[in-house]
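Peer 1: Here is a sequence together with a model predicted from it:
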Amino acid sequence: MLDRMRQLIRLELVIPADWDRIDTIREGVGLCLAAVFGHGEIKEALSMVSAELLENAVKYAKPGPSGIGFSLRREGERLIVAVTNVIDETINLHELRERIDWLRQFADPAEAYIAALAKIYEQPAPSSNGGSGLGLVRIAYEGGCQVECDTSVPGQLTVWAARDLSQPAGL
Amino acid sequence: MEMATRTPLRDFVAENLTLRVSTSHEGKAEDGISLIWSGKANLRYPMQVLGPYFDTLVNAAEESGNLLEFHFETLEHLNSSTILALMRLIQTLRQKRIRLRIFFDAAHKWQKMTFEALRQFDRNDGLFEFRGSPSR
């Protein structure tokens, strides 16, 4: 029984869509991961992943009283970070899906990240605050995660990042 | 004799981020400006918040040797929005032929991955230099 529960982690939160809460969660997730997996690369990577997903959720969540759902859990050999927020009709989910599909084209996420940086660098007009998709590509590259989204519940978006614990980290 | 008017450059503090103009840091620019990044670069609107400071920084660099050094070794966190702001600054520096040296701590994997990726903007023209070193 204890052996099966080795390195188990499960964290579920609902937080206000408040930018100032994000760093608290980033640090908290880092501490939880350090407690289970040690102060290594997993802690560093998944705390960054949590912050990037939450930043996107806070930026694009429908204004109102609804909170943002955050979860971190282990499923088999994968660590999964999932962030859920309420969305309105103005959010371009097609663009999000296109970005995720674009990311999937690359066997090596480092190549995707380099390509995303180059694309942004060549843009004559800066996209001022996000909207570049760099955060998602960074989750794949630095976080070593597969990125997916779920829009099956109307008016709700879940973006999740899964890290395969059986695979060595990149770089 | 007329004194040259220099752009005043002060430290910058916003939320969790501090940019300190260094006068004594090891490796500081001999004839330029050295900036120590510390804390957490997790601003929601880095372009708006950092942009005016970067403008002042570019002006100051043009007046003092066209050389900037950014030290990220003690920075704890950098969000992707701030990476975008840094890229825009790199574009400006290249247009103005201002040299930039970036120092990072290669012992921190996130720093190594973030700044190694930015090396692609090194066009072998001497404008950009990346130095990854372990913590002192």
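Peer 2: That came in fine, so what should we check first?
Peer 1: Report the secondary structure state of B:L100.
Peer 2: strand (DSSP: H, G, I helix; E, B strand; the rest coil).
Peer 1: For the residue nearest the centre of chain A, give me its contacts.
Peer 2: Chain A has A:L53 as the residue nearest its centroid, 3.8 Å off, counting by CA atoms, centre = their mean. For A:L53, the contacting residues are A:81, A:83, A:135, A:139, A:159-161, by CB atoms under 8 Å, 6 or more residues apart in numbering or on different chains. C-betas here are computed from N, CA, C, even on glycine.
Peer 1: dump the residue contacts of residue 117.
Peer 2: Using chain A. Counting by CB under 8 Å, 6+ apart, A:L117 touches A:134, B:87, B:117-118, B:120-121.
Peer 1: I was thinking of chain B, sorry if that wasn't clear
Peer 2: A:110, A:113-114, A:117, A:141.
Peer 1: ok, now with 10 Å
Peer 2: A:110, A:113-114, A:116-117, A:138, A:141-142, A:171, B:83 (CB atoms under 10 Å, 6 or more residues apart in numbering or on different chains).
Peer 1: cool, A:W102 as well?
Peer 2: By CB under 10 Å, 6+ apart, A:W102 lies in contact with A:112, A:115-116, A:119, A:133, A:136-137.
Peer 1: Do me a favour and get the backbone dihedrals for it.
Peer 2: phi -60, psi -40 (degrees, to the nearest 10).
Peer 1: and the longest helix that chain B contains, anywhere near chain A?
Peer 2: In chain B, taking DSSP state H as the definition, the longest helix is helix B:46-63. Yes: counting by CB under 10 Å from any CB of the partner chain, contacts between helix B:46-63 and chain A involve B:46-48, B:51.
Peer 1: residues in chain B within reach of chain A, list them.
Peer 2: So far as CB under 10 Å from any CB goes, chain B lies against chain A at B:15-16, B:40, B:42-48, B:51, B:76-81, B:83-85, B:87-88, B:90-91, B:94, B:108-114, B:116-121.
Peer 1: Show only the entries of these found in helices.
Peer 2: Those of those lying in helices (DSSP H): B:46-48, B:51, B:80-81, B:83-85, B:87-88, B:90-91, B:94, B:109-114, B:116-118.
Peer 1: and those, which are buried?
Peer 2: B:46-47, B:51, B:80-81, B:83-85, B:87-88, B:90-91, B:94, B:109-114, B:116-118 (16 or more other CB atoms under 10 Å in any protein chain shown).
Peer 1: thinking again about what came up before, will you turn the contacts of A:L117 into TSV that also has distance to A:E75 and pLDDT?
Peer 2: Putting the contacts of A:L117 into TSV (distance: CB to CB, whole Å; pLDDT from 0 to 100) gives the following:
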residue	distance to A:E75	pLDDT
A:L134	27	95
B:M87	35	93
B:A117	29	95
B:L118	34	93
B:Q120	35	89
B:F121	38	87
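Peer 1: Tell me the one among those nearest to A:V49.
Peer 2: Closest approach between the contacts of A:L117 and A:V49, by CB to CB: A:L134, at 13.5 Å.
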